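1. Generate coordinates for the sequence data below:
(chains A and B)
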Amino acid sequence: MSLRTQVISTFYGRLSCVFMSLVFASTVSARTITITAESCDEMACISALVPRLSWAMGGDNKINNAHGTLYFNSNTALFLRFPIKDLIPKGQRITKAELTIAPNYIAGIPEINVRRLLAEWGSGVCYQYRMTYPQKIEWSQPGARGNSSDRANKNSATFKFSKVGEQTADVTEDIELWYTGASPNRGWIFTMDINNWAYFLSPYSPQSGGSKTWKLQISFEPL
Amino acid sequence: MPLYTRHSSYLPDKIKLTQLRTFPAIRFALISFFTFICIASSWAQPQITLPLSKPGICNYITPVMASNATVAAVSDVHGLLAIGHGVAFSEAHVSLFKLDAKGIPAPIATQILLPKPMELTKHKNYVLGLAFHPKLPLLYVWQDINVPYTNPVPPVPLGTLQFDHLCILNLAKDPPQLITSICRGVEFIHNQGGGGLAIDALGSHLYVPNLREITNAGSWRFGRYPLDAEGLPVVVESKEPLGIRIKKLEDLNAANKVSPPQLTPTAYIDLFRQNFYGSAHMIVPVGKDAVISSGNMGLMAWRPDDKIMPLQGVPMKQAGQVLFAVHPSHPAIFVTSCNGTSESFSRAEQVEGFLTLLPKQYILPMGKLTGPPIILPKQKKIVLGGAYHLLVMDLDEKAYPTGDPTHVYVNTPAAKALVYSEKFDRAYVGTEISK
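-> Residues are numbered from 1 along each chain as shown, chains lettered A, B, ... in the order given. All right, here's what the predicted structure looks like:
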């Protein structure tokens, strides 16, 4: 065996041992994972101003683009769903979960509320409909604002921004509900009840890093 | 002794250390597997990695010999298959194949040369887009000329601004005859590697690519012409006989006044960023008065009569020439980047011309995609063009890819001319002529 091959073999050998150790260790100890909006399995952004669009991140001049910046105000609602059950191994107990978002521009003191979505939503979701395929089904209130029908009747988290930058809120209860299956995971709805402006890097940004600024950190341990 | 021998008990008994040394592939696969487990358990991504494709045979794919084939269109109404050629094939710009009762193409094609100004004899014209009229025996061809285009536009040779991009051919004649050619002047960009052309199912509008603002060479868009009862683009209303209408259209064209009456808004940063494949790499009409299109940033939906928000963009991970296929009965859109190195495709969604939900990316190891996807709805399959192969995947009842991919050899370095006939439930792919 050549020197180069030996070096490579040694390197891969060490690497495999480290990974295998991690695999076994992960099953017996507490862990914390940090995921970003890149891990979302569903997402949408709706707006009262464009009632049929699923991607209403904001725009002007008759163009709306999901890329770049999310211009958030009281017309906007953002839906994010993280596949919690796929991300956390079975047989765990959620000890803590924190959601972090970070506007890069604000006007006024925007307050963004986060609630669990209760109604099923899907293809064609928009301000007017929670889905338009295979059939058109309306929200109980336009924009998914129906309490206890479209969305939970209380906030899971509230972000109040007096300055730009990261802010974190505790969402342990929601993650636990979704992980245990006590409540179906239909994701969160982010809304602003009093009109102000907050600009965010778009959580859907396949060609840039915006999705990494929407973070969810979950700690769990074996039951 | 390598360090990992001390930990060899982690490995299955039957895989001895000597085997691992001898077979680096096994060793690498094993390490990759454990790495994957670790990563997947903590950093799940909205991506699905598919296994390596296996060789297969597909009797619903018909290779059609057509050199340097870049684009294809089929007409079930007229029983014709048209294949457009790139600059490397000088004998014809379009090859037109008659299809028999079973959808088998005739062995010999009618070869069509398209016009260009005499001053451009040193430059080559080539085909980017093809569209059959859904009822009338007409073939619309979008051609381009390899005169360099940049922003600002460099001095162009004489004749460039007299080059007509749109040719309309009468298929009722044998051989087909050119009815007219239009779309010239500074408003139309040239030297592009892509440009979709499409007609809606009713034959009411013709969608054309590769337009720009006259005052800004980098501000691109696309547009549409209404078509009259004879399939002629309507620039000004006229009820005169066809011959007079054609003459008037040509006069307007000579005066650079045939701009499409409806144009997309311009968005040179986010949607129509300058690239090598034009402003609309592909255009597919959906629903009533709506099209899905693609640019180098991803997908676009244009609803020309939508007064609130006519243009919508959803970016994709793929870059380069973005081509796609829209499922006829499900919301699914399959999207590929056809740069020859792309190893993934995506499944996006649209309903009634509104782009919706989060696109999912499917990684195809060693995929090397070069051409558009096509959907075979009756077979529940998707076919993707690659380098010397086509990749085939099954679709489940909701039109999600399922099962393992298979690959089928085709004799072309880049399978780009791919089209599906609903009538014959058959896919056609342009291939090189065997030597």
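2. For the rest of this, base every contact and every neighbour count on C-alpha atoms.
-> OK.
3. What strands line up against the strand ranked longest in chain A, and which way round?
-> Counting residues, the longest strand in chain A under DSSP state E turns out to be strand A:92-101. Strand A:92-101 pairs in its sheet with strand A:167-170 (antiparallel), strand A:215-222 (antiparallel), by DSSP bridges.
4. Contacts for the first one next, please.
-> In this case it means strand A:167-170. Outside strand A:167-170, the residues that touch it by CA atoms under 8 Å, 6 or more residues apart in numbering or on different chains are A:96, A:97, A:98, A:99, A:100, A:101, A:102, A:157, A:158, A:159, A:161.
5. Please apply the same query to stretch A:54-64.
-> A:44-47, A:50, A:65-67, A:69-72, A:76, A:124-127, A:202, B:265, B:267, B:308-314, B:354-357.
6. Any of those buried? List them.
-> For the contacts of stretch A:54-64, a burial check counting by 16 or more other CA atoms under 10 Å in any protein chain shown picks out A:44-47, A:50, A:65-67, A:69-72, A:76, A:124-127, A:202, B:265, B:267, B:309-314, B:354-357.
7. In CSV, list the contacts of strand A:167-170 along with pLDDT.
-> Listed next are those as CSV, based on pLDDT from 0 to 100:
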residue, pLDDT
A:96, 98
A:97, 98
A:98, 98
A:99, 98
A:100, 98
A:101, 98
A:102, 97
A:157, 98
A:158, 98
A:159, 98
A:161, 97
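8. Name the nearest of the residues you listed relative to chain B.
-> residue A:97 (14.6 Å; CA to the nearest CA).
9. so how far is residue A:204 from the closest one?
-> Counting by CA to CA, to the nearest Å, the gap from residue A:97 to residue A:204 is 22 Å.
10. the more surrounded of the two?
-> Relative neighbour count places residue A:204 above the other of residue A:97 and residue A:204, with 31 against 21, counting by other CA atoms under 10 Å in any protein chain shown.
11. Next, give me the two most distant ones among the contacts of strand A:167-170.
-> A:96 and A:161 (22.8 Å; CA to CA).
12. Can you report phi and psi for residue 81?
-> Went with chain A since none was named. When read as degrees, to the nearest 10, the backbone of residue A:81 gives phi -130, psi 120.
13. can you count the residues close to it?
-> Counted with other CA under 10 Å, residues neighbouring residue A:81 total 19.
14. How about residue A:151?
-> Using other CA under 10 Å, residue A:151 has 23 other residues around it.
15. and if you look at residue B:88?
-> Residue B:88 has 11 neighbours, counted by other CA under 10 Å.
16. which of the strands paired with strand A:92-101 is buried the deepest?
-> Of all these, strand A:215-222 has the most neighbours on average by mean count of other CA atoms under 10 Å in any protein chain shown, namely a mean of 19.
17. Give me the contact list for that one.
-> By CA under 8 Å, 6+ apart, strand A:215-222 touches A:27-37, A:91-101, A:172.
18. Only alpha carbons, please: show that strand as CSV.
-> The C-alpha coordinates for strand A:215-222 follow below in CSV (Å, rounded to 0.1, in the frame of the first residue of the first chain):
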residue,chain,number,x,y,z
LYS,A,215,-33.7,29.5,13.2
LEU,A,216,-35.3,26.9,15.4
GLN,A,217,-33.2,25.4,18.2
ILE,A,218,-34.6,22.2,19.9
SER,A,219,-33.1,20.4,22.9
PHE,A,220,-34.3,16.9,23.7
GLU,A,221,-33.3,13.9,25.7
PRO,A,222,-34.3,10.2,25.9
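19. mind checking how far that strand is from the chain centre?
-> Mean-position distance between strand A:215-222 and its chain equals 14 Å (CA atoms, centre = their mean, to the nearest Å).
20. Check stretch B:129-140 too.
-> The chain centre lies 17 Å from the centre of stretch B:129-140; the measure is CA atoms, centre = their mean.
21. State the mean pLDDT of that stretch.
-> Averaged across stretch B:129-140, pLDDT comes to 98.
22. Same check on stretch A:197-212?
-> In this model, stretch A:197-212 carries a mean pLDDT of 90.
23. rewinding a little: pLDDT of the helix or strand just after the longest strand of chain A, averaged?
-> Under the assignment DSSP states H and E, the closest C-terminal helix or strand after strand A:92-101 is strand A:105-107. Averaging pLDDT along strand A:105-107 yields 96.
24. so what's the spatially most central residue of chain A bridging to?
-> Most central in chain A under CA atoms, centre = their mean is residue A:80, positioned 3.9 Å from the mean C-alpha point. In this entry, residue A:80 is beta-bridged to residue A:43, residue A:188, by DSSP bridges.
25. give me every residue that touches it.
-> Neighbour list for residue A:80: A:37, A:40, A:42, A:43, A:44, A:187, A:188, A:189 [criterion: CA under 8 Å, 6+ apart].
26. Report the buried members of the residues you listed.
-> A:37, A:40, A:42, A:43, A:44, A:187, A:188, A:189.
27. Hmm, the last one is touching residue A:114, no?
-> Yes: at 5.6 Å, residue A:189 and residue A:114 qualify as touching, with contact defined as CA atoms under 8 Å.
28. Residue 96 - how many residues pack around it?
-> Reading this off chain A. Residue A:96 has 17 nearby residues by other CA under 10 Å.
29. was after chain B, sorry
-> 25.
30. helix, strand or coil for it?
-> Of the three states, residue B:96 takes strand under DSSP: H, G, I helix; E, B strand; the rest coil.
31. Quick one: residues contacting it.
-> B:80, B:81, B:82, B:83, B:109, B:110, B:111, B:112.
32. which residues sit in contact with residue 71?
-> No chain was given, so I picked chain A. Contacts of residue A:71 (CA under 8 Å, 6+ apart): A:57, A:58, A:59, A:197, A:198, A:199, A:200.
33. To clarify, I was referring to chain B.
-> B:83, B:84, B:85, B:127, B:128, B:129, B:130, B:416, B:417, B:418.
34. just the helices in chain A please.
-> Ranges of helices in chain A, per DSSP state H, are A:3-26, A:84-87, A:172-180.
35. Pull up the gap between residue A:153 and residue A:137, please.
-> The spacing between residue A:153 and residue A:137, counted by CA to CA, is 21 Å.
36. re the thing from before, just put the contacts of residue A:71 in JSON lines and tack on distance to residue B:342 and neighbour count.
-> Output for the contacts of residue A:71, formatted as JSON lines (distance: CA to CA, whole Å; neighbours: other CA atoms under 10 Å in any protein chain shown):
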{"residue": "A:57", "distance to residue B:342": "28", "neighbour count": "27"}
{"residue": "A:58", "distance to residue B:342": "30", "neighbour count": "23"}
{"residue": "A:59", "distance to residue B:342": "30", "neighbour count": "15"}
{"residue": "A:197", "distance to residue B:342": "39", "neighbour count": "19"}
{"residue": "A:198", "distance to residue B:342": "36", "neighbour count": "24"}
{"residue": "A:199", "distance to residue B:342": "33", "neighbour count": "19"}
{"residue": "A:200", "distance to residue B:342": "30", "neighbour count": "24"}
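37. Only the buried subset of the contacts of strand A:215-222, as a ChimeraX command please.
-> Of those, the buried ones can be selected in ChimeraX as follows, counting by 16+ other CA under 10 Å:
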select /A:30,31,32,35,36,37,92,93,94,95,96,97,98,99,100,101,172
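38. hmm, who's touching stretch B:242-252?
-> Stretch B:242-252 is contacted from outside by B:180, B:181, B:182, B:230, B:232, B:235, B:238, B:258, using CA under 8 Å, 6+ apart.
39. low pLDDT regions in the chain?
-> Using chain A. By pLDDT under 70, the weakly predicted segments of chain A are A:1-28, A:59, A:61.
40. oops, chain B please
-> Regions of chain B meeting the criterion pLDDT under 70 cover residues B:1-46, B:318, B:340, B:435.
41. Span of stretch B:99-115 from start to end?
-> Stretch B:99-115: ends 26 Å apart by CA to CA.
42. List the buried residues of that stretch.
-> Neighbour-count burial for stretch B:99-115 flags B:99, B:103, B:104, B:105, B:109, B:111, B:112, B:114 (criterion: 16+ other CA under 10 Å).
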